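Q: Sequence and predicted model, in that order:
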Amino acid sequence: MADLKKFLIRRVLTFIPTIVGVTIIVFLIAYVIPADPAKAWAGGEKASPEAVERIKERYHLNEPWYDQYWFLIKGLATNTLIDPRTSNPVLDDIRDRFPVTFQLAIIAFTFTILIGIPLGLISALKRNTWIDTLVRIFALIGVSTPVFWLGYLLLFVFFVKFRITNLAGVPPAPPVQITHVPIIDALLTGNFTLFKQHLARFWLPGFVLGFMGTGVLARFVRNSFLEALSGDYIQFLKAKGVPKLRMYRHALKNALVPIVTVLGLQFGGLLAGTPITETVFALPGMGRYAILSIQNLDFPAVVAITFIYAIIYVTANLVVDILYAVIDPRVRY
Amino acid sequence: MQEEYKKSILDKLADKIVYGLGSFISLFKKGWKEKNKSKMEEWRLMLYALNRSPPALIGLFLVILFILVGIFGPRLAPWRYNFFPMLYTKSYDKIILAPPGSQFVLDFYNNTVINFPLGSDHYGRDLLSLILSGARTSFVISIIVISLGVPLGIILGLIAGYYGGKVDELIMRITDMFLAFPALILAIALSAVLPERIQNFISAHEAIQKFILWLFALDIREAGNLGRLLAVILAMIIVWWPAYARITRGSTLTEKEKLYIEAARAIGLSSWTIMFKHILPNIIGPILVYITLDFGGVILMEAGLSFLGLGATPPIADWGRIVYDGAQYFPKAWWLVFYPGLVVMLVALGWNLLGDGLRDILDPKTRRSIEFKVKKSKKEGEANA
């Protein structure tokens, strides 16, 4: 156990330089922003010089680079960085939009797991048959399909033709908040009408976002399950005459270890896919906010969002690494 | 029962290709063909393996089609990408969006007619021409990103893996910094931020500007939009290299411990020779597969970025941008979303199928099994004769 503890401490410690690195890149992004964002914010060519000057003052645009870096870091840490477009602190804006993105990612993740794992198991059990080939092709189509195309295609089928999904606005969050993810809260507090509304709004974008990873996950489950089945202990069970289903249970337990890792990485990947999905389905999430801020060259928002995405991504990786070490006692670094 | 082996037309073609290639190299290096018989035999078996995998063949077909259209697309297109006809019906009601398969009279005096096999966009441009010209944009961008981003990653990975120590630590820390971001998010931020500086640079250097316009087959009028296009390219290069640095470093670490590298070091070869002439050829196989798959990835990401309104601006033809502009007329003008997206999918699918097949083809085990079949049937043929 001491070994595990040591590993955990070391892994958490390497988290810190990564975060510092993230802030550096984020700063560089803000720093290369062209000459005059101030003018654009103040209203373009007609802006009065005083207004431009005031904005420059407020965002430390005239200071040397180290001062700007410090301003940015301090702003992110104390939430004093103001978005010039909405005039709110940037992190507040992100906090308001985060549940939408997170909920979208969770639903997409559910789809990925619910479809991907059974598909993978089936194709492993029916190895080298037409089912297996079909899953392989499905995986390839999954990674080749542009998210926006699939989104509009399914919109056409389910919204224009059949009206099975909802596109307008976002249903409100339930009054009692437990996890701050509306759909889960609605379910936990027993508010089923609200749960249904959320589901009607989110199932299609969730499916579209999750589609890409589904085939990949299926292929991965297949391979790791087959690898587990070829282990010596399975041969032993076979020799002992253990029934097939119990044998699979043993194999599955061992196959799950790498699957958990891939799932963790895919959750990070799903978050990255949210801007496009949110644009197609007009969901007011973090990704949509990023795109709108970018059109306005609104660097505090761009910086903060990039930073938040990176933090989530890095944290997901950290959790995966820790889970991996905890689940599988054979793994030590 | 063993499968009976028969040479198909494709196999005969493979023989000819390899023989031709060998003869071609022999023109420059005397006696190359005789010296490298076994190498040519391996190439032949690789092509045989390719012929035996229908998905890879389909992928290869799609990829070749994409490359051809990428090169000749702007010429094949019935109309230039910046040809904006005013669309009127015979009763002079203005029509903005022409549906697929429709036909319009451009000029009643001469009775000039314009066909829209795939419909028109909201400027009245022919969608087929746009898609054909857009192939060039996609093609050039993917070539530039892969041919700059991948070598950068490979070189840094080789250096980090081979030298180890502080160099390794430094390079990998930087790599980790970039890998801490989801790729698309970093690409979005960068391609939003970079255009103005690139535009200033491009405007100052007329030769570069002309060259890039030629690459993308654009008119001089689009010179002002190049900054945004190049920003997307630069952003994707920045996003793409870290993965390759990590992969290359990993395989370099295992490769450099092997005996032949030690021998090479013992006879006093320079580090660069060892890295690029001995380690690199031995680890390039899996990397080649990644490169093929990543062509699809680059095209998808580029389409995604331009769908978000970054990168190419109209009138430059770009698949993602057509969808971005057409989405506001969805679902009425479904063709503006459907066809460009379909093309993106087919191209990405082609690269992915090819890459997936390449993994098997580059695997020596596949080659040996095919060799076994070929030789066996040869022996049987001789016995029968």
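A: Nice, I can see it.
Q: can you pull the contacts of A:Leu154?
A: A:204, A:207-208 (C-beta atoms under 8 Å, 6 or more residues apart in numbering or on different chains). For every residue, glycine as well, the C-beta is placed using N, CA and C.
Q: residues in contact with whichever residue of the stretch 101-250 of chain A sits closest to chain B?
A: Proximity of the stretch 101-250 of chain A to chain B (C-beta to the nearest C-beta) peaks at A:Trp149, 2.8 Å away. Neighbouring residues of A:Trp149 by C-beta under 8 Å, 6+ apart: B:323, B:337-338, B:341-342, B:344-345.
Q: Turn the residues you listed into CSV, including neighbour count.
A: Shown next, in CSV, are the contacts of A:Trp149 (neighbours: other C-beta atoms under 10 Å in any protein chain shown):
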residue, neighbour count
B:Val323, 26
B:Val337, 26
B:Phe338, 22
B:Gly341, 26
B:Leu342, 16
B:Val344, 28
B:Met345, 20
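Q: quick one: which of those residues is nearest B:Asn200?
A: B:Val323 (29.6 Å; C-beta to C-beta).
Q: Let me know whether the closest one touches B:Val337 as I believe.
A: Yes - using C-beta atoms under 8 Å, B:Val323 is in contact with B:Val337, at 5.3 Å.
Q: show me what contacts A:Ile113?
A: Counted by C-beta under 8 Å, 6+ apart, A:Ile113 has contacts A:217, A:263.
Q: next one: phi and psi at it?
A: Backbone torsions of A:Ile113, given as degrees, to the nearest 10, read phi -70, psi -50.
Q: what residues does the stretch 101-250 of chain A put near chain B?
A: Contact residues, the stretch 101-250 of chain A versus chain B (C-beta under 8 Å from any C-beta of the partner chain): A:136-137, A:140-141, A:143-149, A:152-153, A:155-156, A:160.
Q: What's the ChimeraX syntax to select whichever of those are buried?
A: Selection of buried members from those for ChimeraX, criterion 16 or more other C-beta atoms under 10 Å in any protein chain shown:
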select /A:136,140,141,143,144,145,146,147,148,149,152,153,155,156
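Q: quick one: least confident of the residues of the stretch 101-250 of chain A next to chain B?
A: In terms of pLDDT, A:Val160 ranks lowest among those, with 81.
Q: Not including adjacent chain positions, what is the nearest residue to B:Leu293?
A: Using C-beta to C-beta, 6 or more residues apart in numbering or on different chains and skipping the chain neighbours, the partner closest in space to B:Leu293 is B:Gly355 (3.8 Å).
Q: of all the contacts of A:Leu154, which comes closest to A:Glu53?
A: For the contacts of A:Leu154, the residue nearest A:Glu53 by C-beta to C-beta is A:Val208; the value is 46.1 Å.
Q: how much space between that closest one and A:Phe202?
A: To A:Phe202, A:Val208 is 11 Å away according to C-beta to C-beta, to the nearest Å.
Q: what's the answer for B:Asn225, then?
A: 37 Å.
Q: the more surrounded of those two?
A: The residue with more neighbours, out of B:Asn225 and A:Phe202, is A:Phe202; 25 against 18, by other C-beta atoms under 10 Å in any protein chain shown.
Q: Surely the more buried one touches A:Ile106?
A: No - contact criterion C-beta under 8 Å: A:Phe202 and A:Ile106 do not qualify, at 9.1 Å.
Q: Name the residues contacting each of those two.
A: Counting by C-beta under 8 Å, 6+ apart, the common neighbours of A:Phe202 and A:Ile106 are A:Ile183.
Q: Now do the strands in the stretch 1-150 of chain A.
A: Here the stretch 1-150 of chain A has no strands by DSSP state E, counting those that start in this stretch.
Q: again but with the stretch 1-150 of chain B, I slipped
A: Using DSSP E, counting those that start in this stretch, strands in the stretch 1-150 of chain B cover B:102-107, B:112-116.
Q: rank those strands by mean pLDDT and give me the bottom one.
A: Sorting the strands of the stretch 1-150 of chain B by mean pLDDT places strand B:102-107 lowest, at a mean of 74.
Q: Give me the residue at the spatial middle of the chain.
A: If you meant another chain, say so; for now it's chain A. Centrality entry for chain A: nearest residue to the mean C-alpha point is A:Leu271, 1.9 Å, by C-alpha atoms, centre = their mean.
Q: Correction: the question concerned chain B.
A: Nearest to chain B centroid, counting by C-alpha atoms, centre = their mean: B:Phe295, 3.8 Å.
Q: Kindly indicate whether residue 169 is helix, strand or coil.
A: You didn't say which chain, so I picked chain A. Here A:Gly169 is recorded as coil under DSSP: H, G, I helix; E, B strand; the rest coil.
Q: Please tell me how far it sits from A:Gln295.
A: Between A:Gly169 and A:Gln295 the computed distance is 22 Å (C-beta to C-beta).
Q: who in the stretch 101-250 of chain B is up against chain A?
A: Contact residues, the stretch 101-250 of chain B versus chain A (C-beta under 8 Å from any C-beta): B:173-174, B:176-178, B:180-186, B:188-190, B:192-197.
Q: What about these, which are in helices?
A: When those are checked against helices (DSSP state H), the matches are B:173-174, B:176-178, B:183-186, B:188-190, B:192-193, B:195-197.
Q: ok, which stretches of the stretch 251-385 of chain B are helices?
A: B:259-266, B:271-273, B:280-307, B:319-326, B:335-361, B:364-384 (DSSP state H, counting those that start in this stretch).
Q: The third one - contacts with which helices or strands?
A: Same thing as helix B:280-307. On a contact count with 3 or more C-beta pairs under 8 Å, 6 or more residues apart in numbering or on different chains; DSSP states H and E, helix B:280-307 meets helix A:130-144, helix A:147-155, helix A:244-281, helix B:127-163, helix B:183-193, helix B:226-255, helix B:319-326, helix B:335-361.
Q: Quick one: list the elements packing against the last one.
A: Identification of packing neighbours for helix B:335-361 by 3+ C-beta pairs under 8 Å, 6+ apart yields helix A:130-144, helix A:147-155, helix B:37-51, helix B:54-76, helix B:127-163, helix B:280-307, helix B:319-326.
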